[in-house]
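> Need a 3D model of the sequence below.
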Amino acid sequence: MKERWYLQTKKADFNGIGKKYHISPITARLIRNRDVVSEEEMEQYLYPDISALSSPWLFKDMDQAVDLINIKIDSQVKIRIICDYDVDGICSGYMLLRSLREMGALVDIVVPHRIEDGYGINERLIQNAYEDGIDTIITCDNGIAAMEPVKEAKRLGMSVIITDHHEVPFELVDGTTKYLIPPADAIVNHKQQDCDYPFKELCGAMVAYQFIRAVYESRNQSVEKVKKLLPYGAIATVCDVMRLVGENRAIVKYGIELLKECRDIGINALIHANQLAEKNITPYHLGFVIGPGLNASGRLDTAKKAIDLLDAKDVEQADRLAQEICKLNAERKEMTEHYRLEAIREAARCEDKVLVLYFPKCHESIAGIIAGKVREEFNKPTFILTDGEEGVKGSGRSIEEYDMFEKLMEIKDLLTKFGGHKLAAGVSLPKENVEILRKTLNENCNLSEDDLYLKVWIDMQLPLEYVSRELIEELKVLEPFGNGNPKPVFAEKNLQLVHLKIRGKQGNVLSMFLEDEHHTRMEGILFQRTDQFLAFLKERFGQEEIDKAMSGRTNKIRFMATYYPSINEFQGRQSLQLIIDRFC
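Numbering: from 1, shown residues only. Reported below is the predicted structural model:
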């Protein structure tokens, strides 16, 4: 993958900002680099406040949705929640189930099966609901694109409330955009053009949360009950890779703090099954441990198992389900690694700017994960396709320069079904269209060679002498890190490699001692990319110099690196450490 490194050069009075908010000029610069400019933005960034969450009544159709669900609760008619099978859908479905049940609703939940049903509600699920005597359907994290299923539900006499956060489908008619809105009784989705909700980047679970909040308010019940759901909103926000800005920043920060004190049996069982301590939970654990566990049930079994875990009422049941989910996640990891390596080999031989890779035997549930891995490796929009029950199915992951949803809209005639947004999408298509899809996407992609360079933005050059425990502690005010609020990237040049050692059972960790031009020496560590780093050293300096570094002898190896400072704890001792990311 080709890279270009850029140094952030945004200007501000960093000393003045530091004095006003009692932070260092270094931290002030980092905040400015995240486009936090005004005093109001600075206050919101440094002190995210969940009470500043916008009113749920600003959503279009919220009044109708609340009035309707109140009637249904009081009438004791059967209500069915239909959620998606990913983490966002699981969390939003559980939140609705738990809350509506607490309000006395006669409610159940159905999770579409990834293989048998595909994404979102469909005519089969509508027919099943009708046969079960369901009066009202509530969707969460899906529904905005379900034109025909909603029509069928209405034809059968059912009420439908859609809560969703995905883009509203549209078509171009004589150059004019025509939005395709399902005929539901109420649609709560801030992506609608005439919706006044100011923050447009909520995940599906937080749209459901705001719906629940409005229902509680309408029934004069304490909204403190609703706040207890924020850990699930935080998990969904991180796992759906929403931008951690504005309301999302407050949701994740506050939700994680609540999760540390949460007494919910189900989520705690999953935390303990993964050998985590509640007090140490971070956004990383949400996105790479807890979330994948919940996701694994929907990938290899049924996401209803994850709902049952979150909804568990006794410890024994919760522990059993958590262990089953962890086992499924281990199986998912093994399958993913096999096809990740195969996909990377295939992509390396392909010169297309948009990668469309077809693996007929790959489990369709891991296609999105693999697409993301390939995208990270080559910085190209990537689709991973596999054989489904009916035709070919797959998932795509994109780069900032390529609007995947928009490009699929342009060629929707090649597809039997699709959905998503700018950076991610799901598709279904006839097998005979796979090669046509690849060619058409590349003919229409409009990506330049420059677009395919990975742009590495460096926050600042930071000599090693400035790395201290105090700085590392202060950097915590910038958390949570994630999409839209990246972990700071520091860099230093002319680092002398004093000593190098390969660690880890699989040799996938490199530890090293580095010294800068001012003779400040510090430990560094590099995870995963050991082969690339050793190949870089060999090409630039030769094997003899690597051997010298491995034995701690004087050598000629000097390089530039990006890093993040941390504190390493080993056998009760603490030391400063640089987590090395990229190098040149």
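> Report how many residues lie close to Glu41.
Residues lying near Glu41 (other CB atoms under 10 Å) number 15. All C-beta spots, glycine's among them, are computed from the backbone N, C-alpha and C.
> helix/strand/coil for it?
Recorded secondary structure, Glu41: helix (DSSP: H, G, I helix; E, B strand; the rest coil).
> If I look at it, what pLDDT would I see?
Glu41 is assigned 92 on the pLDDT scale.
> same thing with Arg332?
87.
> Please apply the same query to Asp301.
Listed pLDDT for Asp301 reads 68.
> Next one: the closest residue to Gln193 other than its chain neighbours from Cys195, what distance?
Of all residues not flanking Gln193 in the chain, Tyr179 sits nearest, at 6.6 Å (CB to CB, 6 or more residues apart in numbering). Tyr179 is 12 Å from Cys195, where distance means CB to CB, to the nearest Å.
> Pick out whichever of those two has more residues nearby.
Using other CB under 10 Å as the criterion, Tyr179 and Cys195 rank with Cys195 on top: 18 against 14.
> Spit out the contact partners of the residue lying closest to the more buried one once chain neighbours are set aside.
Among residues not flanking Cys195 along the chain, Lys60 sits closest, at 3.9 Å (CB to CB, 6+ apart). Taking CB atoms under 8 Å, 6 or more residues apart in numbering as the criterion, Lys60 is in contact with Ile187, Val188, Asn189, Gln192, Asp194, Cys195, Asp196, Tyr197.
> Is there a quick PyMOL command that grabs whichever of these are buried?
Selecting only the buried entries of the contacts of Lys60 in PyMOL, with 16 or more other CB atoms under 10 Å as the criterion:
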select buried, resi 187+188+189+192+195+197
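> between the contacts of Lys60, which is closest to Lys361?
Asn189 (36.5 Å; CB to CB).
> Now the closest one. Nearest residue, chain neighbours left out?
The shortest distance from Asn189 to any non-neighbouring residue, by CB to CB, 6+ apart, is to Asp164 (4.6 Å).
> go on, Asp49?
In space, Asp49 comes closest to Ala250 once its chain neighbours are excluded; the distance is 6.0 Å by CB to CB, 6+ apart.
> where does the residue lying closest to Leu447 once chain neighbours are set aside fall, helix, sheet strand or coil?
Of all residues not flanking Leu447 in the chain, Lys353 sits nearest, at 4.6 Å (CB to CB, 6+ apart). What three-state DSSP gives for Lys353 is coil.
> For the longest helix along the chain, could you pull out the residues that count as buried?
As assigned by DSSP state H, the longest helix anywhere in the chain is helix 315-348. Using 16+ other CB under 10 Å as the test for burial, helix 315-348 gives 317-319, 321-322, 324-326, 328-329, 332, 335-336, 339-340, 343-344, 346-347.
> In this structure Ser297 contacts Gly291, no?
No: taking contacts as CB atoms under 8 Å, Ser297 lies outside contact range of Gly291: 11.6 Å.
> higher neighbour count, those two?
Ser297 (25 against 21).
> For Leu355, see how far away that one is.
On the measure of CB to CB, Ser297 and Leu355 end up 29 Å apart.
> Ok, Gly266 next?
38 Å.
> ditto for His363
19 Å.
> out of the two, which sits in the more crowded spot?
Applying other CB under 10 Å to His363 and Leu355 shows that Leu355 carries more neighbours, namely 24 against 18.
> list the contacts for the more buried one?
Ala347, Val374, Phe378, Lys380, Pro381, Thr382, Phe383.
> Most neighbours among those residues, which one is it?
Neighbour tally across the contacts of Leu355 (other CB under 10 Å): the maximum, 30 neighbours, falls on Pro381.
> Which per-residue confidence value corresponds to that one?
Reported pLDDT for Pro381: 97.
> so it touches Tyr402, yeah?
Yes: counting by CB under 8 Å, Pro381 touches Tyr402, with 4.6 Å between them.
> Quick check: neighbours shared by the two?
What both Pro381 and Tyr402 touch, as defined by CB under 8 Å, 6+ apart, is the set Val354, Cys445, Leu447.
> Using PyMOL, make a named selection holding only the buried ones among those.
To isolate the buried members of the shared contacts of Pro381 and Tyr402 in PyMOL, using 16+ other CB under 10 Å:
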select buried, resi 354+445
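> which residues does the residue lying closest to Val36 once chain neighbours are set aside contact?
With sequence-adjacent residues excluded and distances taken as CB to CB, 6+ apart, Val36 is closest to Tyr45, at 4.7 Å. Contacts for Tyr45 were tallied using CB under 8 Å, 6+ apart; they are Ile31, Arg34, Val36, Arg249.
> Next, format these as a markdown table and append distance to Glu224, neighbour count and pLDDT.
Compiled in a markdown table, the contacts of Tyr45 are given as follows (distance: CB to CB, whole Å; neighbours: other CB atoms under 10 Å; pLDDT from 0 to 100):
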| residue | distance to Glu224 | neighbour count | pLDDT |
| --- | --- | --- | --- |
| Ile31 | 31 | 24 | 96 |
| Arg34 | 32 | 19 | 94 |
| Val36 | 30 | 21 | 93 |
| Arg249 | 21 | 20 | 95 |
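> so who does the residue nearest to Leu462 when sequence neighbours are not counted touch?
If you skip the residues right next to it in sequence, Leu462 has Phe490 as its closest partner in space, 4.2 Å away by CB to CB, 6+ apart. Contact partners of Phe490, counting by CB under 8 Å, 6+ apart, are Ile458, Asp459, Met460, Gln461, Leu462, Thr562, Tyr563, Tyr564, Pro565.
> where does the protein dip in pLDDT?
Where the chain drops to pLDDT under 70, the residues are 115, 299-301.
> Is the residue nearest to Cys195 in a helix, a strand, or coil?
When classified by three-state DSSP, Lys60 comes out as coil.
> Ignoring the adjacent residues along the chain, who's closest to Leu156?
Among residues not flanking Leu156 along the chain, Tyr130 sits closest, at 4.7 Å (CB to CB, 6+ apart).
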